[in-house]
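K.L.:
Mind folding the following:
(6 chains)
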Number of protein chains: 6
Amino acid sequence: MNALVATNRNFKLAARLLGLDSKLEKSLHIPFREIKVECTIPKDSLATFVGFRIQHDNVRGPMKGGIRYHPEVDPDEVNALAQLMTWKTAVANIPYGGAKGGIGCNPGELSKSELERLTRVFTQKIHDLIGIHADVPAPDMGTGPQTMAWILDEYSKFHGHSPAVVTGKPIDLGGSLGRDAATGRGVLFATEALLNEHGKSISGQRFVIQGFGNVGSWAAQLVHEKGGKIVAVSDITGGIKNSNPNLVKHVEENKGVKGFHGLKTVIYSSRLHSEALSTGEMQMRLKQSL
Amino acid sequence: MNALVATNRNFKLAARLLGLDSKLEKSLHIPFREIKVECTIPKDSLATFVGFRIQHDNVRGPMKGGIRYHPEVDPDEVNALAQLMTWKTAVANIPYGGAKGGIGCNPGELSKSELERLTRVFTQKIHDLIGIHADVPAPDMGTGPQTMAWILDEYSKFHGHSPAVVTGKPIDLGGSLGRDAATGRGVLFATEALLNEHGKSISGQRFVIQGFGNVGSWAAQLVHEKGGKIVAVSDITGGIKNSNPNLVKHVEENKGVKGFHGLKTVIYSSRLHSEALSTGEMQMRLKQSL
Amino acid sequence: MNALVATNRNFKLAARLLGLDSKLEKSLHIPFREIKVECTIPKDSLATFVGFRIQHDNVRGPMKGGIRYHPEVDPDEVNALAQLMTWKTAVANIPYGGAKGGIGCNPGELSKSELERLTRVFTQKIHDLIGIHADVPAPDMGTGPQTMAWILDEYSKFHGHSPAVVTGKPIDLGGSLGRDAATGRGVLFATEALLNEHGKSISGQRFVIQGFGNVGSWAAQLVHEKGGKIVAVSDITGGIKNSNPNLVKHVEENKGVKGFHGLKTVIYSSRLHSEALSTGEMQMRLKQSL
Amino acid sequence: MNALVATNRNFKLAARLLGLDSKLEKSLHIPFREIKVECTIPKDSLATFVGFRIQHDNVRGPMKGGIRYHPEVDPDEVNALAQLMTWKTAVANIPYGGAKGGIGCNPGELSKSELERLTRVFTQKIHDLIGIHADVPAPDMGTGPQTMAWILDEYSKFHGHSPAVVTGKPIDLGGSLGRDAATGRGVLFATEALLNEHGKSISGQRFVIQGFGNVGSWAAQLVHEKGGKIVAVSDITGGIKNSNPNLVKHVEENKGVKGFHGLKTVIYSSRLHSEALSTGEMQMRLKQSL
Amino acid sequence: MNALVATNRNFKLAARLLGLDSKLEKSLHIPFREIKVECTIPKDSLATFVGFRIQHDNVRGPMKGGIRYHPEVDPDEVNALAQLMTWKTAVANIPYGGAKGGIGCNPGELSKSELERLTRVFTQKIHDLIGIHADVPAPDMGTGPQTMAWILDEYSKFHGHSPAVVTGKPIDLGGSLGRDAATGRGVLFATEALLNEHGKSISGQRFVIQGFGNVGSWAAQLVHEKGGKIVAVSDITGGIKNSNPNLVKHVEENKGVKGFHGLKTVIYSSRLHSEALSTGEMQMRLKQSL
Amino acid sequence: MNALVATNRNFKLAARLLGLDSKLEKSLHIPFREIKVECTIPKDSLATFVGFRIQHDNVRGPMKGGIRYHPEVDPDEVNALAQLMTWKTAVANIPYGGAKGGIGCNPGELSKSELERLTRVFTQKIHDLIGIHADVPAPDMGTGPQTMAWILDEYSKFHGHSPAVVTGKPIDLGGSLGRDAATGRGVLFATEALLNEHGKSISGQRFVIQGFGNVGSWAAQLVHEKGGKIVAVSDITGGIKNSNPNLVKHVEENKGVKGFHGLKTVIYSSRLHSEALSTGEMQMRLKQSL
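P.N.:
Numbers count the residues shown, from 1 in each chain, chains lettered A, B, ... in the order given. A predicted model of the protein is given here:
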């Protein structure tokens, strides 16, 4: 089940529970605006990519959501993630709406200079549709503080120095302290809350971490600090099921599972898995396993 | 074969004949920008429609192309039509690019007041992306001078009195004389040119007209004036194969085939047919039948 | 004596007491800008109203003042009220100037949908002359949080999401807590301050409330909470002079005097009375009655 | 009967003849926008004037109309003149609407430097409401090419070099040849047309010219060139009834009646007379006298 | 050694110590933008001045720096001072860049009205290049709160009420408390810090103050309050070497040395002296004299 | 004598002949605005260049003037050339003012991609100060239609499709036919006019051409077509004094003198020579040699 199908199913379920009339449901469901733009940069001779920005809803405030660079980014997925941002900001009751974007590209195959140009071209194409009162991008898969710095700089050429146009920018340019660990810390909080409901705590529990990029490694670190035991981790290069006490240390030292003895490469396609799971679904899974 | 498939096939064929390298071909093929916007108006309680504008290419000048209102409008079709506008303006060597847009709605089920509000909401959503130097809409299926007048008025609220932002507007607001008959006259010109190549002329030939809206009825009228004989016409309500000399007169009087004795209802789905045919294809068909 | 005559008389008095030279007095007195706009909406066939915005002075900061919908709104009255806003913000030493506006219409004769359209048309006509650095409207007679939400939404179409362009908006859109009761609470504070000067307090005093809309009913409620005794209230439907202890309860339950036994309908024209009275005049009247 | 009363009476008359429904009549009658602004300049210590711009109607195109400087300028008069501009441009079928403006001041009591500052302050206050697509001012009583040059220059500080924002500017700044004589030539054309209806021509007729500023002196000159005989002229300093053949020469040499032997000073208040007379009324008067 | 030579020498020294590569050094050294504008005001007949704004670097935030009015202001000096602002804001770690500006004029020879017009003309010429996100001017030699108020007012005509576009404005317009004494207090802090390093304090030390405008007189006042002994002061009119205890009192009463008995006029050209000395150099000099 | 000294001397001479008062002379002489901007592009690691735009005068219309890329471009030279543009447009009585700009760089040492990036960075830095109503650049030494196309494209990102922002662009983007030969043709016209004054014509005269880039080679070509005899030409690589009838042919075939037998390399620094000579001076020289 892909991200959009899952998200639409969850939305319909919620609409039924809330007793929304069908016209309001349709209006909430259809994105406010979807934009696709052509981004061409000189690479060898010339390379053309397609960038997206789906702006789902701005009734509660400026839209908010990440920009991801990945070869499989497509409008359906971006649409789903934009909707989820609307519901996330609403549930957390912060005055923002939801959006999401991305460029269909493989960042690993582009030089830093090509990534910079691609980001700047994409920003030139959407600069009039984002902004502190309209839509505020953030880093996501395949992007990070450096990407945000390029967006900020390019956007500022058109609108003047505007550090607030993106979040997740480098600290030196006005980024927030703690932003780096924030998503991983959210995993910790949700896990803690669920365990508390069952009269348990992190300390002494055993954990398996699926995905070991920025989110997973911070989650592992924070769970470890709270006394949890990491028994297995996996990332794009393989997975390890192991209660070896050196695993956490290895992970801390190497910021990844790669190179740990006993690594077994496993093929799986979990790219959007964790995000398409609403916190509710995650709690359901955790409940089932408790 | 739908419009986008046909258009893409023709484009690939042309690219091969021109010897375009694959990167330039990709860059020419991908639209400059695609926009989808949510348009909500109060109807009974609330009705939500999706509007599109696909802007294909602006290298040769501001983009140009119609806006259609039809229940089956979809991004693929609009994409194909936008591409065709780019090639049309280039072949005719006028300094414009190509675009196309539309709203997925059934204009027959909306009151005039609802159509006005829908048009104004759509204009509010895209006003920053169109303009005399960027993209100039025109009427198309399901829209006309009144629609253009609404766009012009709504756009002018944001950008000041801007009659040049649309073509096909009412004469009183600065529209062009002869615009009404222009597409039908183009059919006449192409037909005449082809017949001349074969040493023939309109006069004395027999013609079958497929489609009898604004384009077909003007083509029939103009062919008739040049001495051509209209032996059959068809429109969405049926078709007549008939050499009855009263047919032309009936068509002139009733502005349609409806009500002529001998009308046979025929089911067919020719909506995009004529437009997806390049002039080249039309000439090929005519040649085959000559 | 109408509002403008009263305001001008008070201003001249103040100017004399301050020893202002005549040129500075003239400059302070003449409004910075006065705007009248035509607002036409479809109603039955077509209805045209005249909207006003008088911006009196912006030397001390962005102008601030309500927008009222009332059939008798006229430029003289709006002019007077705009001036009073300048003096009020200056006396309270907050960095704002003074303005006031309104539309000559009877909100009771317009449907909610017509009121929305009228408000949106008015906003379209003045959007370039208001703004967070220029002039910030607020609710007044005949308008309320819903009106502000319409202005906010329409204004944001032109200038991006701008919640700060109006005050008195719904809490969900960023309105201030306590705003609802603020004007009535101001009546309490002024009354308390005056009584204190005379060595008295609210508690145990008897009060007559003239006007029982948002301001009067909150004032009654707050005076009651402080131990004051409401002996009579009046509103547009009549007045009651009554020491019946059930009156306060009735008022609280019914949010108005209507329906209380003993109600006597009285014709009077007190529309602008309370507002045209400066706090100074109110204190003078209170002093005379003490 | 003042200008506004006369204009309104004529408009009602026309509406009745055209069978306008009352709502459309009201909508046509109410000005699109009226603006009053405070203009303060340093003079001795400080002087404050009130400037007006009444924009009556822009349905047929950008609004057009003069700016006059006169001590008795008031909103009613400006309102009437703005309406007349709408009807004039419509009758002449040029794609413009109607507006009119002015400043309540006595240009004779202001130095050139004070007039410049006053004009620049006024322009600063209205620059966002005029423009080539919105409203294009022109000279009128008490203003001229120099005034237009100041407006043009001040407006250009805000919007870039914009010579088209005013008409009636100096030739060197892009003004039109023949503009100087245009209004007087219009008098000639109307007079000629009327005489032709009666089988007469200018040549040999005797003429009385009321008002001898820019309009009247050019009318006299042009009538004289066509063989008409000027038997009397009057201006603000007096009037002469005289068939003396030297009168025309004196008028040409002195650009006014002042100083001609036989001058009798007459008090009259004809300021708005000629303009408030529609061409129709003028022709009626001429017919009565023929 | 002039200011630019000194600044460039110090910059090269710092670059060498930091091991900057030559390309980055060049990029840091060359100003972001330099602007010279012609400012003409009516004075007698007409007077033309040249205004400057050198914007050195905005990587760390909006540029910040004073505007000075002085007959000897030249681009080299302004360039040096702009660079110093970049290094100052960086060293103090506040998110601003560096700029500096000025007008080549003698404020003593211009009337207040001429200074106002000159300031307004200069602001009109640079308003698009400054702003709260771009470049924020402040007072400097020959300018003060009144100058900032004029800039604020003129800038606001173009961009709406913008109090944050300048610092050092009058308190009533939103200026900061303590701004007046801030530079002099900085001298106190630096002096105190240096003395502390040597195990000494202000109290009981003897001080010589070179320059007695806003900076020097506040420094003297604050040093005096901390128990320091002012033994000599000098300003543009002369200098006094004197341990007379009445000196401080005289300075306090007369806000300058002028008129104190024993004044000796000394010719020297110290205009830019204090500013071109980095705090580091100042500390070096103090160290040498300790 | 450098370009600025020569230009200033000529201006002073003209001012004296016209009897300009000294204040007006100063006002005419000082440029309206001078801008220097830092332009950094990645080259090897990073390269920084300084770009200039001197806008001399816009009283008669938008400013007009070339942009040159040359290692020796400096503000003095650009200043002189900007002044000359003001006088040239005024003498030719076209409604434009004068400006000139450039970047201090050696185009021969930059790749096409580096030139593109440098041009785009420069355009980003000045885009707000140029424009069809403000200042319209053109090609000059070291720049050409391709440079203009880059400026046009980059400018259009900020302001929408704006082909009129530069002249000298490629024909396909709206450039003017004949622009290529225009400057050389001007040399022909001036020469012809002067010869005519002396009763002579081009035909049969002998000509020496100094400089053989775009201007000189077109001048030679056109003089040749009119029957003139080119006896010597020189360019940056050398000079030939030769009446050899094959010279013209060689020049036509090789578009330069290089490679012709008899070429003698001569060191001279004539870069700005021809341009700093006003047409008046050129005519004086021609007169002396006649």
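K.L.:
Now the closest residue to A:D76 other than its chain neighbours. Its backbone dihedrals?
P.N.:
Nearest residue to A:D76, sequence neighbours excluded (CB to CB, 6 or more residues apart in numbering or on different chains): A:L4, at 4.2 Å. Backbone N, C-alpha and C define where each C-beta goes, glycine included. Main-chain torsions, A:L4, degrees, to the nearest 10: phi -70, psi -40.
K.L.:
so what pLDDT did A:L4 get?
P.N.:
Listed pLDDT for A:L4 reads 86.
K.L.:
where's the most centrally placed residue in chain A relative to chain D, distance?
P.N.:
Central residue of chain A (CA atoms, centre = their mean): A:D140, 4.6 Å from the mean position. Relative to chain D, A:D140 is positioned 41 Å away (CB to the nearest CB, to the nearest Å).
K.L.:
same question, A:A6
P.N.:
On the measure of CB to the nearest CB, A:A6 and chain D end up 50 Å apart.
K.L.:
Likewise for A:P145?
P.N.:
A:P145 is 39 Å from chain D, where distance means CB to the nearest CB.
K.L.:
who touches that residue in this structure?
P.N.:
A:P145 makes contact with A:P139, A:G168, A:K169, A:P170, A:G175 under the criterion CB atoms under 8 Å, 6 or more residues apart in numbering or on different chains.
K.L.:
Most neighbours among those, which one?
P.N.:
Neighbour counts for these (other CB atoms under 10 Å in any protein chain shown) peak at A:K169, which has 26 neighbours.
K.L.:
State the number of residues packed around the residue nearest to A:D76.
P.N.:
Number of residues near A:L4 (other CB under 10 Å) recorded here: 18.
K.L.:
my guess is it meets A:L81, correct?
P.N.:
No - using CB atoms under 8 Å, A:L4 is not in contact with A:L81; the gap is 9.0 Å.
K.L.:
what comes into contact with the host helix or strand of A:K26?
P.N.:
Using DSSP states H and E, A:K26 sits within helix A:22-29. Helix A:22-29 is touched from outside by A:8, A:11-12, A:15, A:20, A:57, A:83, B:38, B:40, B:44-48, with contacts defined as CB under 8 Å, 6+ apart.
K.L.:
Looking at the residues you listed, which are in helices?
P.N.:
A:N8, A:F11, A:K12, A:A15, A:Q83 (DSSP state H).
K.L.:
Looking at those residues, state which has the most neighbours.
P.N.:
A:Q83 (27 neighbours).
K.L.:
That one and A:G98 touch, don't they?
P.N.:
Yes - the pair A:Q83 / A:G98 is scored as a contact, 6.4 Å apart, by CB under 8 Å.
K.L.:
got any residues that touch both of those two?
P.N.:
Common neighbours of A:Q83 and A:G98 (criterion: CB under 8 Å, 6+ apart): A:H56.
K.L.:
For A:I209, which non-adjacent residue is closest in space?
P.N.:
A:V233 (4.4 Å).
K.L.:
Just the buried positions in stretch A:219-236, please.
P.N.:
For stretch A:219-236, the neighbour count (16 or more other CB atoms under 10 Å in any protein chain shown) marks A:219-224, A:228-236 as buried.
K.L.:
Average pLDDT for that stretch, rounded please.
P.N.:
Taken as a whole, stretch A:219-236 carries a mean pLDDT of 84.
K.L.:
Chain F: which of the ones in helices among the contacts of helix A:22-29 is nearest?
P.N.:
Of all the ones in helices among the contacts of helix A:22-29, chain F sits closest to A:Q83, with 31.2 Å by CB to the nearest CB.
K.L.:
residues in contact with stretch A:101-118?
P.N.:
By CB under 8 Å, 6+ apart, the residues outside stretch A:101-118 that reach it are A:39, A:41-43, A:47, A:49-54, A:65-74, A:78, A:122, A:126, A:137, A:140, A:142-143, A:147, A:150, F:42.
K.L.:
just the residues you listed that are near chain B?
P.N.:
A:A47, A:V50 (CB under 8 Å from any CB of the partner chain).
K.L.:
Chain E: which of the contacts of helix A:22-29 is nearest?
P.N.:
A:D57 (28.0 Å).
K.L.:
Tell me the bridge partners for the closest one.
P.N.:
A:G98 (DSSP bridges).
K.L.:
Find me the pLDDT at A:A276, would you?
P.N.:
35.
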